[in-house]
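Visitor: got a structure for you, letters missing:
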């Protein structure tokens, strides 16, 4: 809530608490795998999914190499012509789904490649 008066904010909170079952737990730190931090002085909010991405990489045994350029739009994957192992297929689908969650949350920049992987 954007107010410069802490007294007004407290008064509004008390009215809200009186009408409903409510408990003030303070500021939000984490929500749906996104970590939220605030720079009150400069009135900025920062959201990241670094820990979620780390968990995904560990879960699927993905090693990373930093690449500073995006994948070329002319790049085409070769379809798998062989029979796919059902366990591998399931893990692959879970990985792609986990990456799609990142696209929706905070990483639209990886959308092109993840859609290609899907």
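Guide: Received it, and whenever you're ready, just let me know what you need. Since the model is a prediction, treat every value here as computed from it, not as a measurement.
Visitor: so where's this structure shaky on pLDDT?
Guide: Residue ranges of the chain with pLDDT under 70: 1-4, 22, 24, 66-70, 73.
Visitor: Can you name the next helix or strand after the lengthiest helix in it?
Guide: When the chain is scanned for its longest helix (criterion: DSSP state H), the result is helix 86-105. With elements assigned by DSSP states H and E, the helix or strand that comes after helix 86-105 is helix 111-117.
Visitor: Other residues contacting that following helix?
Guide: With C-beta atoms under 8 Å, 6 or more residues apart in numbering as the test, helix 111-117 has contacts from 70, 71, 73, 75, 77, 96, 99, 100, 102, 103. C-beta here means a position set from N, CA and C on the backbone, and glycine is covered the same way.
Visitor: all strands for the protein, in order.
Guide: 30-31, 34-39, 44-48 (DSSP state E).
Visitor: Can you say which of those is nearest to residue 83?
Guide: Of all the strands of the chain, strand 34-39 sits nearest to residue 83, with 38.7 Å by C-beta to C-beta.
Visitor: Just the buried positions in that closest one, please.
Guide: Going by neighbour count (16 or more other C-beta atoms under 10 Å), nothing in strand 34-39 comes out as buried.
Visitor: returning to what we had before: closest one to residue 14 out of the contacts of helix 111-117, please.
Guide: Comparing every one of the contacts of helix 111-117 with residue 14 (C-beta to C-beta), the shortest separation belongs to residue 102, at 39.4 Å.
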